[in-house]
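1. Next comes the sequence, and after it the predicted model I'd like to discuss.
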Amino acid sequence: MAPSANGQTVGRRLPVESAFTRVEDARHRLPRLFGRRDLVVLGLGVMIGSGIFSLSGKQAAHVAGPAVIVSFLIAAVVCVLAAACYAELSSTIPVSGSAYTFSYVTFGEMWAWLVGWALVLELVTAAAIVARVWSAYFLATLDGFGVSLPAGVAQFFGPDAKLNLVAPLLLLVLTALIVTGTKLSSRVLTVVVLAKVAVILLVVIVGATHINFDNYKPFVPDARPAPATASPTLLSWILDSSFGSFGLMGIFTAASSIVFAFIGFDLIATASEDARSPRKTVPQGMLLGVGAVTILYVAMAVVLVGMRPSSQLGGAAPVSEAMSAVGEGWAANVVNLGALLALMTVIMVVLIAQSRVLFNMGRDGLLPKSLGRVSRVYSSPARAATAAGAAAIALTLYPKVLDLEELLVIGALFCFAFCAVGVLTLRRTEPNLERGFRVPMVPLIPLLSLAATLWLMLNLRTSTWTKFAIWMAVGLAIYGLYGRWHSRLANEDSWDFDIGDTDPGTGGLQAIRSEHDTGELRAVRTPPPSKQSTRGKHMRN
């Protein structure tokens, strides 16, 4: 590899002790506000969204048929395996940044950049897409209450509108809420999550009384060849076989997209610096969140497919349309309101997670250091949150943004794979690190997680892989031109510590000690005496 600014290679790893020190002694650090309940709410806030209100119906109608229920179970198994790996890594390295920080410590800077760049793709695409879907339910809600917009106005509201004005406005409001502080957004999030869980339970109970078991037949429809103009999956391209929709392969193809519905448990790890006792609460929040949302998703899929033939579930708002079709118009209105709340919380959590990723990448110097600042007014990474919101607003203006859904899936699966390998690597290289949670049956569980993740990635379309490759190539170019030379590890002696680094004089690369009463790792402060007068003005003595 080519040498870096300080003579090292781009494979330099962030020492574990530095990962702790930069949190413990940083001037720009996040306040610890989240308990276990808040983290579970955070996970539910992002996982219960368009997947349960939109994705399930579309995948049933166009890809898997009634067997979409099995697709949800497959996606759940993959995410449970991945969540176990995330839980161990987040309990071992309880700092914000999620898979980005884990990869920095485990694999090195360049690999961490690629994982962080994939996270940026996942999160900004998710925010933009969900904002567009929100606009569809907004129109459906207005129609349900007898409010009809003039045609000249309605054309700017639809999810497929060439110029959608509702989605950017929603993103602007939610970005302002995130910027003004995590505590306020957490309270709003808790109220909204409770409301949408109540809506889902209502749909399941009411819908169960209208199940027609004939709608489950045939459970696995006969396979259909893919249209000549359709982009094949990577697996079908490799095997030179034309896998289409439905049939056995349709189940796996749907599962690859349905992973989008479960994305969110990994975002809990981005809030590790916001959490109290993160070694315990973050893994608990992840696993409890995945378990709860799996039950809700499978129950909703069973009821939705049972209420209406799967071929009729491909509308813009499948759940509310199904409720109206069985004569429960009042419930359809409630569903639309619940969907508005659900999708809004998805965007909130995604923007929070995106701001934490950008905050860490800025703090490490791989992106502009100003992103690594915590606002003195709001006690939040305001600049990183503003950048996350601005990127989502720009992307949601793209008329065909809904076609990019698989991009956020491949970004998430890319991170899943790194975390599975990271558990095995860190067990070997750092066996004595404290772990608040340990993956059982190592190496079996991480290897199963890796295999399942790669299998789902193979079932994504080749056009998605092409776009992903272009995105990663752009990321490598940015790293080579900027991040590699501005990295904190490459410039320990010239880092501007007022911007937000940890300890002056060593760049945070200090020894650590274990506190006997709590077992937590604490930094040992030993700044060079010659530099105290010029660079130690913000230290807490």
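-> Received, thanks. Numbers count the residues shown, from 1 in each chain.
2. Residue 344 is in contact with residue 173, isn't it?
-> No: taking contacts as C-beta atoms under 8 Å, residue 344 lies outside contact range of residue 173: 9.3 Å. Where C-beta positions appear, they are placed from N, C-alpha and C, glycine not excepted.
3. out of these two, which sits in the more crowded spot?
-> residue 344 (22 against 12; other C-beta atoms under 10 Å).
4. what's the helix or strand for the more buried one?
-> Using DSSP states H and E, residue 344 maps to helix 329-363.
5. quick one: buried residues of that helix?
-> 331-363 (16 or more other C-beta atoms under 10 Å).
6. and residue 282, what does it touch?
-> Residue 282 is in contact with 39, 87, 90, 91, 94, 268, 269, 271, 272, 275, counting by C-beta atoms under 8 Å, 6 or more residues apart in numbering.
7. Which pLDDT value goes with residue 388?
-> Per-residue pLDDT puts residue 388 at 93.
8. Quick check: it is in a strand.
-> No: applying DSSP: H, G, I helix; E, B strand; the rest coil, one finds residue 388 to be helix, outside a strand.
9. Identify the residues contacting it.
-> If you count contacts by C-beta under 8 Å, 6+ apart, residue 388 has them with 123, 124, 127, 175, 178, 351, 354, 355, 358.
10. Using a markdown table, lay out the residues you listed together with pLDDT and distance to residue 389.
-> Shown next, in a markdown table, are those (pLDDT from 0 to 100; distance: C-beta to C-beta, whole Å):
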| residue | pLDDT | distance to residue 389 |
| --- | --- | --- |
| 123 | 90 | 11 |
| 124 | 93 | 10 |
| 127 | 91 | 8 |
| 175 | 91 | 3 |
| 178 | 85 | 7 |
| 351 | 89 | 6 |
| 354 | 89 | 8 |
| 355 | 88 | 8 |
| 358 | 92 | 11 |
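11. Which of those sits closest to residue 419?
-> When the contacts of residue 388 are ranked by distance to residue 419 (C-beta to C-beta), residue 123 comes first, at 16.1 Å.
12. low pLDDT regions in the stretch 201-350 of the chain?
-> Residues of the stretch 201-350 of the chain meeting the criterion pLDDT under 70: 226-230, 240-244, 271, 273-274.
13. any chance of the contacts of residue 282 in TSV, with neighbour count, distance to residue 119 and secondary structure too?
-> Listed next are the contacts of residue 282 as TSV, based on neighbours: other C-beta atoms under 10 Å; distance: C-beta to C-beta, whole Å; DSSP: H, G, I helix; E, B strand; the rest coil:
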residue	neighbour count	distance to residue 119	secondary structure
39	26	18	helix
87	27	18	helix
90	33	14	helix
91	24	19	helix
94	26	18	coil
268	35	13	helix
269	34	10	helix
271	29	14	helix
272	26	14	helix
275	26	18	strand
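14. Same list (the residues you listed) but as a markdown table, adding distance to residue 374.
-> Below are those laid out as a markdown table (distance: C-beta to C-beta, whole Å):
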| residue | distance to residue 374 |
| --- | --- |
| 39 | 20 |
| 87 | 26 |
| 90 | 21 |
| 91 | 24 |
| 94 | 18 |
| 268 | 20 |
| 269 | 19 |
| 271 | 14 |
| 272 | 15 |
| 275 | 16 |
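15. Looking at these, which one is closest to residue 467?
-> residue 269 (25.5 Å).
16. OK, contacts around that closest one?
-> By C-beta under 8 Å, 6+ apart, the contact list for residue 269 reads 86, 89, 90, 97, 98, 99, 282, 286.
17. of all these, which comes closest to residue 489?
-> residue 97 (14.7 Å).
18. Now do the SS call for the closest one.
-> Taking three-state DSSP, the label given to residue 97 is coil.
19. thinking it is in contact with residue 356, fair?
-> Yes: counting by C-beta under 8 Å, residue 97 does reach residue 356; the two are 6.6 Å apart.
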